[in-house]
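Asker: what shape does this take:
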Amino acid sequence: MALRLYEGKAHAAGYLKNRVIPHEVISRMINYMKKKAPNEFDLAVDVGCGSGQVTIPLAAYFTKVVGTDNSAAQLEMALINSNPPNVSYRQCSAEELPFASGEVDLVMSMSAAHLFDRPKFLVEADRVLRPGGCLAVGCHTTDAELEYGDVSNELNDICNEFYAALSPFRPNGELSYAKKYLEIFESCSYPDQEWTECFRIKRTMPLTGYIGMVESYSSYQCLVRKDPAEAERLSTNIRNKLLSAMKASSADTEVTVVVKFFYGLACKPC
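Answerer: Residues are numbered from 1 along each chain as shown. Model (predicted):
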């Protein structure tokens, strides 16, 4: 059975506001598809779409894009977006997609597939994909880095304190997300595959944006549910340590955040 996280409205709102959209990964995914079937861009399905951040960029490439998620709160956030007319959303599980067999050109899941029932999801993805269609799964690591002047190393030591404190609250235990996704990807029977272990994406944002991003992680939200006062104390302490190391007085001071993505692409045999 798939894990059900990201269902609270506050969590969904934080996810929408603070997650980094991996436009560069999407571009690489589209280039892979163009090599396999350059004229097959009718329907893309973003499974576990959350608040639609990665769903919307697909609209530029496909005739129709559908984001699916089992969380009503996440889909409510998705509908707040300025969605292109060819983007819509459906509430359903990743293991039971509301599409006909062979109807879909792309099944994509970014930062969600670790929550699925892996065997059932792969069977369902294979069912809805047309011959020659593509499967794309990926996620970011939970150890984003910061760059700021000549104190980047010091900042990242502080960030690692944050991640270490949250590690016991990760829903998948000790198994890293990268290993989890590699297991998912290796379970796919399609012979035409590409795996990228680490693709670094940089974004400039206020320090508050970095803190908000980590607070949107499922591990932080698990801590919030267990001990909200401790979660707030931890976040405030990390923020203050970072500001001190930066010799900055405002959490709106901009930093460069480096988010590391891993992803796999596979083409269903014709």
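
Asker: residues contacting Val259?
Answerer: 20, 22, 140-141, 144, 200-203 (C-beta atoms under 8 Å, 6 or more residues apart in numbering). Every C-beta, even on glycine, is put in place using the N, C-alpha and C of the backbone.

Asker: what about 10 Å?
Answerer: Neighbour list for Val259: 19-20, 22, 140-145, 199-203, 210, 213 [criterion: C-beta atoms under 10 Å, 6 or more residues apart in numbering].

Asker: what of Pro168?
Answerer: 174, 219, 222-223, 226.

Asker: just the buried residues of those residues.
Answerer: Neighbour counting by 16 or more other C-beta atoms under 10 Å classes 219, 222-223 among the contacts of Pro168 as buried.

Asker: save the residues you listed as TSV, and put in pLDDT and secondary structure too.
Answerer: Listed next are those as TSV, based on pLDDT from 0 to 100; DSSP: H, G, I helix; E, B strand; the rest coil:
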residue	pLDDT	secondary structure
Ser219	88	helix
Cys222	91	helix
Leu223	95	helix
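
Asker: hang on, the earlier thing: farthest-separated two in the contacts of Val259?
Answerer: Greatest spacing in the contacts of Val259, by C-beta to C-beta: Phe199 and Tyr210 (19.0 Å).

Asker: wait, which of the contacts of Pro168 is closest to Val257?
Answerer: Nearest to Val257 among the contacts of Pro168 is Ser219, at 17.6 Å by C-beta to C-beta.

Asker: surely the closest one meets Asp143?
Answerer: No: at 11.5 Å, Ser219 does not count as touching Asp143 under the criterion of C-beta atoms under 10 Å.

Asker: list residues touching both of these two?
Answerer: Joint contacts of Ser219 and Asp143 (C-beta under 10 Å, 6+ apart) are Tyr163.

Asker: of Phe199 and Tyr210, who's got more company?
Answerer: With neighbours defined as other C-beta atoms under 10 Å, Phe199 and Tyr210 compare such that Tyr210 has more, 27 against 16.

Asker: how far away is that one from Ala178?
Answerer: According to C-beta to C-beta, to the nearest Å, Tyr210 and Ala178 sit 21 Å apart.

Asker: show me the contacts for the residue sitting nearest the centre point of the chain.
Answerer: In the chain, the residue lying closest to the centroid (C-alpha atoms, centre = their mean) is Ser111, at 2.7 Å. By C-beta under 10 Å, 6+ apart, the contact list for Ser111 reads 6, 15, 19-20, 22, 48, 50, 53-54, 137-140, 177, 181, 218, 261.
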